[in-house]
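In: The sequence and its predicted three-dimensional model are supplied below.
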Amino acid sequence: MDLHTIALGVHILSILVAIGGILWADHSAWHWFRSKKETLKHSHLRRVHAVVGTALGLLIGSGIILFWPMKDQLLTNPLFLLKMLFVLLLVINSVAIDRLMHRAASLPFRSLTPAQKIPLFISGGVSALCWLGAIVLGLTIF
Ligand code: HEM
């Protein structure tokens with residue numbers, strides 16, 4: 001098996017792990033939004049965040065291996081550049097989530113002020129848009 005095939009396998013597996021992790025995170029967040037759970041456990045939040053963060057890291061690592069032999073062609077492809085913008089936003093959002101998620105461990109959702117809720121919704125929206133965008137563009141370009 002060559003390096004390209006291994007990297008493509010890691011790329012695809014990481015997407016599946018990320019989707020699983022995102023659904024797991026959304027499921028927990030939903031319970032917190034609906035006040036079925038007052039707060040979420042710190043350890044649980046950290047575990048879910050680590051799964052999605054590791055998958056994103058593996059996607060970037062394997063993506064660089066896949067990208068390198070085609071770099072001249074890809075760097076002039078606007079769809080590829082848009083995909084990279086989505087990936088960059090996911091990395092920035094991951095740092096934001098790392099800070100924001102502690103609210104779910106310390107406060108019930110209904111007790112948050114609108115100013116505290118807005119960043120959570122923005123971060124959720126960015127996450128959904130960028131994951132979907134990167135997956136759709138990945139499938140469209142290649
Ligand atoms: C959120 C992160 C990412 C997602 C969701 C994603 C998604 C995808 C998808 C769905 C494919 C198509 C796989 C197939 O053909 O079956 C793909 C292929 C590819 N991705 Fe990504 N990707 C991500 C990050 C990256 C990064 C950071 C790079 C480069 C630095 C990259 C470079 C590539 C390349 C070069 C291919 C083509 C592989 C080939 O068919 O030879 N990806 N990606």
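Out: Cool, the structure landed. Just so it is clear, the model here is predicted, and its values are computed rather than measured.
In: I'd like to know how far Phe142 sits from the ligand.
Out: Distance, Phe142 to the ligand, by CB to the nearest ligand atom, to the nearest Å: 4 Å. C-beta here means a position set from N, CA and C on the backbone, and glycine is covered the same way.
In: and that residue, how many neighbours?
Out: A count of nearby residues for Phe142, using other CB atoms under 10 Å, gives 10.
In: With Ser111 instead?
Out: 11.
In: For it, give me its contacts.
Out: By CB atoms under 8 Å, 6 or more residues apart in numbering, the contact list for Ser111 is empty.
In: Could you measure from it over to Ala29?
Out: As judged by CB to CB, to the nearest Å, Ser111 and Ala29 stand 16 Å apart.
In: Hmm, Ser28 is touching Leu40, no?
Out: Yes. The criterion here is CB atoms under 8 Å, and Ser28 meets it with Leu40 at 5.6 Å.
In: the more surrounded of the two?
Out: Taking neighbours as other CB under 10 Å, Ser28 and Leu40 compare with Leu40 leading, 21 against 18.
In: wait, what's in contact with the more buried one?
Out: Taking CB under 8 Å, 6+ apart as the test, what Leu40 contacts is 28, 31-32, 104-105.
In: quick one: average pLDDT of stretch 43-50?
Out: Average pLDDT, stretch 43-50: 97.
In: Show me the contact partners of it.
Out: So stretch 43-50 is contacted by 21, 24-25, 28, 94, 97-98, 101-102, 104-105 (CB under 8 Å, 6+ apart).
In: Just send those residues back as JSON lines, with pLDDT, secondary structure and distance to the ligand too.
Out: Converted to JSON lines, those look like this (pLDDT from 0 to 100; DSSP: H, G, I helix; E, B strand; the rest coil; distance: CB to the nearest ligand atom, whole Å):
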{"residue": "Gly21", "pLDDT": "98", "secondary structure": "helix", "distance to the ligand": "12"}
{"residue": "Trp24", "pLDDT": "97", "secondary structure": "helix", "distance to the ligand": "17"}
{"residue": "Ala25", "pLDDT": "96", "secondary structure": "helix", "distance to the ligand": "15"}
{"residue": "Ser28", "pLDDT": "96", "secondary structure": "helix", "distance to the ligand": "21"}
{"residue": "Ser94", "pLDDT": "98", "secondary structure": "helix", "distance to the ligand": "10"}
{"residue": "Ile97", "pLDDT": "97", "secondary structure": "helix", "distance to the ligand": "14"}
{"residue": "Asp98", "pLDDT": "94", "secondary structure": "helix", "distance to the ligand": "17"}
{"residue": "Met101", "pLDDT": "95", "secondary structure": "coil", "distance to the ligand": "19"}
{"residue": "His102", "pLDDT": "93", "secondary structure": "helix", "distance to the ligand": "24"}
{"residue": "Ala104", "pLDDT": "97", "secondary structure": "helix", "distance to the ligand": "23"}
{"residue": "Ala105", "pLDDT": "96", "secondary structure": "helix", "distance to the ligand": "26"}
